[in-house]
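K.L.:
take a look and give me a structure for this.
(one chain, ligands or ions: 1)
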Amino acid sequence: SKSKTLEGKTVLITAGPTYEAIDPVRFIGNHSSGKMGFSIAEEAEKRGAKVILISGPTAQKTNNKNIEIHKVTSAKEMFDEVFKFYKNTDIAIMSAAVADYTPKFVAQEKIKKSDAEFTIELVKNPDILKTMGEEKSHQFLVGFALETQNEEENAKGKLEKKNLDMIVLNSLKDEGAGFQKDTNKIKIITKTEQKEFSLKSKEEVAKDILNFVEEKFNKS
Ligand code: PMT
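P.N.:
Numbers count the residues shown, from 1 in each chain. Presented below is the predicted three-dimensional model:
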């Protein structure tokens with residue numbers, strides 16, 4: 001296995017979905033299991049990094065006592081938690097599936113069924129990654145892009161707009177890739193390079209991502 005190539009580095013990782021409350025019993029969420037983010041956290045820890053893992057609601061667990069886990073529920077909470085640690089982060093890898101919108105009002109009581117149609121008004125959540133890009137000083141910033149169409153173009157757009165050093169693209173069009181699965185198929189994109197990987201376990205994908213990060217980070 002790898003030597004302690006990330007010794008002395010602080011790596012901040014987000015994982016899982018966010019839940020945006022509608023009322024005390026309902027939320028808007030997504031299918032992220034947290035597997036991708038937890039795999040990256042485990043691998044970074046193996047390589048000697050100080051790992052801070054900020055996770056939305058997931059069933060994922062780690063027995064690794066060296067991984068500092070901070071649990072959050074909503075995108076707003078994830079935002080606040082990320083910025084407690086960002087300043088002292090060397091490498092940030094944002095694999096969480098963050099809700100872009102949240103209900104404008106959260107009902108205090110369970111919403112009752114009636115005969116009428118029902119509409120939920122949504123407002124925009126803060127974009128955590130974009131804000132990190134704006135406030136970037138020394139950090140090496142890695143985003144994810146989950147796409148269903150015009151994958152590369154959209155990923156490159158996010159790399160640019162969010163001021164990232166690299167983006168990890170996965171497409172729901174690829175079988176075995178994305179949410180819930182134990183495998184993923186990624187393409188890594190930087191401003192000057194692009195590298196495509198085969199379908200493999202999320203543990204192996206985590207290694208590919210960190211190998212790439214280390215190579216760039218050591219040059220930057
Ligand atoms: O958890 P798993 O089941 O293992 O699945 C893994 C995964 C599919 C969730 C993961 O590989 C992945 O693609 N994560 C990013 C999902 C996503 O929300 O992508 P996006 O293209 O919508 O967002 C782009 C980037 O901006 C992401 O790094 C995201 O964390 C970030 N973002 C998005 C919205 C927002 N309000 N704030 C953000 O920081």
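
K.L.:
mind checking how far the residue nearest in space to the middle of the chain is from residue 146?
P.N.:
Most central in the chain under C-alpha atoms, centre = their mean is residue 95, positioned 1.8 Å from the mean C-alpha point. With distances defined as C-beta to C-beta, to the nearest Å, the gap from residue 95 to residue 146 amounts to 10 Å. In short, each C-beta sits where N, CA and C put it, glycine included.

K.L.:
neighbouring contacts of stretch 72-92?
P.N.:
In this structure, residues lying in contact with stretch 72-92 by C-beta atoms under 8 Å, 6 or more residues apart in numbering are 6, 9-14, 18-21, 44, 49, 52, 54-57, 70, 96, 98-99, 102, 125-126, 128, 131-132, 135, 137-142, 213, 217.

K.L.:
got a pLDDT number for the residue nearest to the centre of the chain?
P.N.:
Turning to residue 95, the model gives it a pLDDT of 98.

K.L.:
which residues are in contact with it?
P.N.:
Under the criterion of C-beta under 8 Å, 6+ apart, the neighbours of residue 95 are 13-15, 36-37, 40, 144, 168.

K.L.:
one more time with 10 Å
P.N.:
Listed by C-beta atoms under 10 Å, 6 or more residues apart in numbering, the contact set of residue 95 reads 13-16, 32, 34-41, 55, 142-144, 146, 168, 170, 202, 206, 209.

K.L.:
with residue 198 instead?
P.N.:
In this structure, residue 198 makes contact with 183, 185-186, 204-205, 208, judged by C-beta under 10 Å, 6+ apart.
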